[in-house]
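Colleague: 3D model of this:
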Amino acid sequence: MGERIETRIGAQIGMLSNLLSRQTACMSKTCGDESITRMQAIIIHYLLVSEENGDCFQRDIERAFRMRRSTATGILQLMERHGLICREPVAHDARLKRLVLTERARDLDERIQQSIAVNETIMREGVDARDLETWFAVSRKICANLETHQSRTLEETL
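Modeller: From the prediction side, this is the model:
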């Protein structure tokens, strides 16, 4: 007999992801913008915050969100089609395209920030600071474990 679902890390993360997606969808409806996904909203906010540090490229999105190139390409192409970003060539290398937020995306960011803040408050309710520190430390370790395993698996297949 296998482990109970309540003690499986992957099952818990999956459930959290589903709940967070539903919460975000509910908040999007109340904000009046159902056309952007949770990931698009997070990327919009990331690009806005990252502007202070200079140009941002697709590879930065891939690294920041630990996603594959094909996943990032799909999300960013959809964001382009929806008028949230545009890609502009940079002077030193025409092959590189920096990601630039449109005014529409900038206008959405205030609501995105409010939504993020509300969700964080909801998720942190009743959880003390030490438990949060532990949760973040464990989450980082799980990410590192998965990344290490995936790197090894990729090396073995080459």
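
Colleague: residue 73 contacts residue 58, correct?
Modeller: Yes: under the criterion of C-beta atoms under 8 Å, residue 73 makes contact with residue 58 at 7.0 Å. Every residue, glycine included, has its C-beta placed from N, CA and C.

Colleague: give me the more crowded residue out of these two.
Modeller: Set side by side, residue 73 and residue 58 show more neighbours around residue 58, with 17 against 14, by other C-beta atoms under 10 Å.

Colleague: now for that one: which residues touch it?
Modeller: 69, 72-73, 76, 97, 99 (C-beta atoms under 8 Å, 6 or more residues apart in numbering).

Colleague: mind redoing it with 7 Å?
Modeller: By C-beta atoms under 7 Å, 6 or more residues apart in numbering, the residues touching residue 58 are 72, 76, 99.

Colleague: tell me what the host helix or strand of the second one is packed against?
Modeller: Meaning residue 76. Under the criterion of DSSP states H and E, residue 76 resides in helix 69-81. For helix 69-81, the elements it packs on are helix 38-50, helix 58-65, strand 85-90, judged by 3 or more C-beta pairs under 7 Å, 6 or more residues apart in numbering; DSSP states H and E.
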